[in-house]
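Trainee: quick one, what's the 3D model for this:
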Amino acid sequence: MLLIKDTLVSLDLLERFFVCDLDTCLGECCIDGDAGAPLLESEKEEIEKHLDKILPLLNPAAQKIIREEGASYIDPDGDLVTQIVEGKDCVYTTYADGGKCLCALEKAYREGKLPQLKPSSCHLYPVRLKKYGNMTAVNVHKWKICKCAEVLGRKMGVRAYEFLKEPLIRQFGEEWYAELEQTAHEWLSQQGGYRTQK
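Mentor: Residues are numbered from 1 along each chain as shown. Now for the predicted structure:
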C-alpha cells in the first residue's frame with residue numbers, strides 16, 4: 001500500500017493493466033449480481049433531482065419500478081443501492097446493438113444532457129473504497145468478467161490508474177491524482193516497469 005494524502009492506495013492500481021473491453025464483456029457488470037450499485041446519499045439526492053430527465057432514457061420496466069418503488073433501496077446488507085429490474089439489471093442500464101449494456105446516466109452525461117450522475121461505485125470500478133477512521137483504502141477488485149479488461153489494458157499498455165483518471169479526479173481531486181501519478185512513475189521506474197506515456 002502507498003500513502004497518498006489521506007488514502008492508502010493498493011499497488012494493484014499502479015501495477016495492473018486495465019481498459020474496459022465492452023465489445024467482449026458487453027457491460028456485464030451492469031446486469032450481474034443480486035443487488036444494485038452502491039450509492040451515496042448525495043448521489044441518490046442528485047439522481048432524484050433529475051428524474052424527470054432520466055426516466056425517458058430508461059426502458060419501460062425500469063421506469064415502472066422507479067415510479068412505484070423509488071430510484072434506490074436498502075439492500076439486505078443495509079446498503080443504499082440502485083433499483084434492479086427482474087432481479088439483475090440496474091435500472092439505469094440501456095442496451096445498444098449486439099446486446100451491449102450501457103449506463104443511461106453516463107450516456108446522457110457524454111451527450112451533454114445531464115451532469116455526471118453515474119454512481120461513483122460504478123465510475124471507479126474496478127476500484128473499491130473502504131473507510132478506516134480518517135483514512136480511505138483504495139483497493140482494486142478482481143472479477144472474472146473483467147479478465148478481458150486486463151488483457152486489453154496490457155495490449156494497450158494502460159495501467160488501471162491511467163484508465164481511471166477521470167473518476168479518480170472526480171473522487172479525490174486533481175492534486176491527489178497528480179501525486180498518485182508521480183508516485184506511480186517513480187514506483188514503476190524502480191520496478192523496471194515504467195513506460196513513457198504516449
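Trainee: SS state for the residue nearest to E181 when sequence neighbours are not counted?
Mentor: The shortest distance from E181 to any non-neighbouring residue, by C-beta to C-beta, 6 or more residues apart in numbering, is to Y161 (7.3 Å). For every residue, glycine as well, the C-beta is placed using N, CA and C. Put simply, Y161 is helix when judged by DSSP: H, G, I helix; E, B strand; the rest coil.
Trainee: pLDDT score assigned to Y161?
Mentor: Y161 is assigned a pLDDT of 96 by the prediction.
Trainee: same check, this time on S189
Mentor: You'll see S189 listed with a pLDDT of 86.
Trainee: which parts of this structure are strands?
Mentor: According to DSSP state E, the chain carries its strands in the segments 2-4, 7-9, 72-74, 80-82, 84-85, 89-90, 93-95, 101-103, 127-132, 135-140.
Trainee: to E174, which of those lies closest?
Mentor: Using C-beta to C-beta as the measure, strand 2-4 is the one of the strands of the chain that comes nearest E174, at 13.0 Å.
Trainee: got a list of contacts for the lowest-mean-pLDDT helix or strand in the chain?
Mentor: Lowest by mean pLDDT, DSSP states H and E among the helices and strands of the chain is helix 22-25, with a mean of 82. By C-beta atoms under 8 Å, 6 or more residues apart in numbering, the list of residues contacting helix 22-25 from outside reads 100, 102, 145-146, 148-149, 152.
Trainee: dump the longest helix seen in the chain to CSV, keeping only the CA atoms.
Mentor: As assigned by DSSP state H, the longest helix anywhere in the chain is helix 174-190. Presented in CSV, the C-alpha positions along helix 174-190 are these (Å, rounded to 0.1, in the frame of the first residue of the first chain):
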residue,chain,number,x,y,z
GLU,A,174,-6.6,17.0,-9.4
GLU,A,175,-3.9,17.5,-6.7
TRP,A,176,-4.4,14.0,-5.3
TYR,A,177,-4.3,12.4,-8.8
ALA,A,178,-1.1,14.4,-9.7
GLU,A,179,0.6,12.9,-6.6
LEU,A,180,-0.7,9.5,-7.5
GLU,A,181,0.7,9.8,-11.0
GLN,A,182,4.1,11.0,-9.8
THR,A,183,4.2,8.2,-7.3
ALA,A,184,3.2,5.7,-10.0
HIS,A,185,6.0,6.9,-12.3
GLU,A,186,8.6,6.6,-9.5
TRP,A,187,7.4,3.2,-8.3
LEU,A,188,7.1,1.6,-11.8
SER,A,189,10.5,3.0,-12.7
GLN,A,190,12.0,1.4,-9.6
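Trainee: what residues does it touch?
Mentor: Helix 174-190 is touched from outside by 2, 4-5, 7, 9, 11, 13-15, 159, 161, 165, 168-169, 194-195, with contacts defined as C-beta under 8 Å, 6+ apart.
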